[in-house]
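Enquirer: Turn this into a structure:
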Amino acid sequence: MSVNIKAVLRASAISIGLTAVILFIVSLLAYFTSVSDTVITICAYAAVILGVMCGSALIAHGAPEKKLAHVALMCAIFAAVLITVSLILNGRLTFNVHTAGIIGGIIASAFLGAVIGNR
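Expert: You can find the predicted model right below:
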């Protein structure tokens, strides 16, 4: 069996969209309230983790075979989109502890979502 590209792109779009909606809500919360930066940072990490987990659970549930390949491809697309957005907003590529944390969170939550979607 081959990889279902349409399903991977759909799951990627859903995970990116869900992450964007949650980040928009968090940014509104940060603008209109006096929430600390630490809470906002944690919420941003949680938004990425939740978005990737939902997308990988969706693709793992829908893919009859090669679940890991589908999830890994969705994970790579999500990371590429995040890197592209970071390049556009920052003008350069930076790699620090936050970047490593986000990439590690993407990978870990993708595999956790694959386990959840496999049930």
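Enquirer: residues contacting Leu9?
Expert: Ile77 (C-beta atoms under 8 Å, 6 or more residues apart in numbering). Using the backbone N, CA and C atoms, a C-beta is placed for each residue, glycine as well.
Enquirer: can you check Ala57 too?
Expert: Ala57 touches Gly113, Ala114, Ile116, Gly117, counting by C-beta under 8 Å, 6+ apart.
Enquirer: count of residues packed around the last one?
Expert: What that stands for is Gly117. As a burial measure, Gly117 scores 22 neighbours (other C-beta atoms under 10 Å).
Enquirer: Quick check: it touching Lys67?
Expert: Yes. Under the criterion of C-beta atoms under 8 Å, Gly117 makes contact with Lys67 at 7.5 Å.
Enquirer: Quick check: neighbours shared by those two?
Expert: Residues touching both Gly117 and Lys67 (C-beta under 8 Å, 6+ apart): Ile59, Ala60.
Enquirer: quick one, what contacts the most centrally placed residue in the chain?
Expert: Nearest to the geometric centre of the chain sits Val52, at 3.5 Å (C-alpha atoms, centre = their mean). Neighbouring residues of Val52 by C-beta under 8 Å, 6+ apart: Ser15, Thr19, Met74, Cys75, Phe78, Gly105, Ile106, Ser109, Ala110, Gly113.
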